[in-house]
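Colleague: Just the structure for this:
(2 chains)
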Amino acid sequence: KAGVTQTPRYLIKTRGQQVTLSCSPISGHRSVSWYQQTPGQGLQFLFEYFSETQRNKGNFPGRFSGRQFSNSRSEMNVSTLELGDSALYLCASTRGRGIREEQFFGPGTRLTVL
Amino acid sequence: TQLLEQSPQFLSIQEGENLTVYCNSSSVFSSLQWYRQEPGEGPVLLVTVVTGGEVKKLKRLTFQFGDARKDSSLHITAAQPGDTGLYLCAGESNFGNEKLTFGTGTRLTIIP
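Modeller: This is a model prediction of the structure:
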């Protein structure tokens, strides 16, 4: 069974640009969550999508947005990039619900903003 | 904002030694998970603990959830080089809109 795939794996952008990252969850998983990982702040939750609807949202500015398609694939977009947006962006697909929930992470997209 | 503090932040020990990593919070969590992350990869779930006082074992790894469900520990016996990685605890809460609150991480290096 294929794992979570994320594209691209590496990305270099300049300040002010926008970027779109893609995530394909494990087949059959309908929930996708996005996280930002930086050395200073660690892993922080961005948002979660389930059946094309945003179910939860973390404390990030409106420049960070996402969506989910009918095939459960998800994209996240960051507009007007800032230097501080440089990070590893991780996507996780979820099996189960509640306390039996398990998240499976992809390898991440490493974004560098110059 | 709920915080999960892990200690130590960095740990480097010789192969064969034992170690314990701690995950502490002032908040109560409905469940707590431990992950290991290796360079270039996403975190991999090791275990989920749910009940206060619960102990789970995964080969040489022993996980414990605090009685009050505010803290957890991970003990590794006879550490091996393959245990090297970033260990993250993550708590799930019934409050707020955070999916999971991740700890600050412990970077473990096992020296052969």
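Colleague: in chain A, which spans are strands?
Modeller: A:5-7, A:10-13, A:19-24, A:31-38, A:42-50, A:53-57, A:64-68, A:74-78, A:87-95, A:102-105, A:109-113 (DSSP state E).
Colleague: now for those strands, which one comes closest to residue B:10?
Modeller: strand A:42-50 (14.0 Å; Cβ to Cβ). The way it works is simple: take the backbone N, C-alpha and C, and place the C-beta from them, glycine included.
Colleague: what's residue B:20 in contact with, if anything?
Modeller: B:73-76 (Cβ atoms under 8 Å, 6 or more residues apart in numbering or on different chains).
Colleague: Indicate which one of the strands of chain A is closest to residue B:38.
Modeller: Closest among these, once you apply Cβ to Cβ, is strand A:102-105, at 11.4 Å.
Colleague: List the strands paired with the closest one, with their directions.
Modeller: Using DSSP bridges, strand A:102-105 pairs in its sheet with strand A:87-95 (antiparallel).
Colleague: buried set for the partner strand?
Modeller: Residues A:87-94 are the ones in strand A:87-95 that count as buried (16 or more other Cβ atoms under 10 Å in any protein chain shown).
Colleague: And these, which is closest to chain B?
Modeller: Nearest to chain B, judged by Cβ to the nearest Cβ, of these is residue A:90 at 5.2 Å.
Colleague: export the strands of chain A to TSV and tack on distance to residue B:60?
Modeller: Shown next, in TSV, are the strands of chain A (distance: least, Cβ to Cβ, whole Å):
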stretch	distance to residue B:60
strand A:5-7	31
strand A:10-13	35
strand A:19-24	33
strand A:31-38	27
strand A:42-50	25
strand A:53-57	35
strand A:64-68	39
strand A:74-78	36
strand A:87-95	26
strand A:102-105	22
strand A:109-113	31
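Colleague: residues from chain A in reach of chain B?
Modeller: For chain A, the contact set with chain B under Cβ under 8 Å from any Cβ of the partner chain comprises A:4, A:33, A:35, A:42-45, A:48, A:56-59, A:90, A:92, A:99-108.
Colleague: which residues does residue A:21 form a beta bridge with?
Modeller: residue A:76.
Colleague: Which residue is it, in chain A, that comes closest to chain B?
Modeller: Nearest to chain B, among the residues of chain A, is residue A:105, at 2.9 Å (Cβ to the nearest Cβ).
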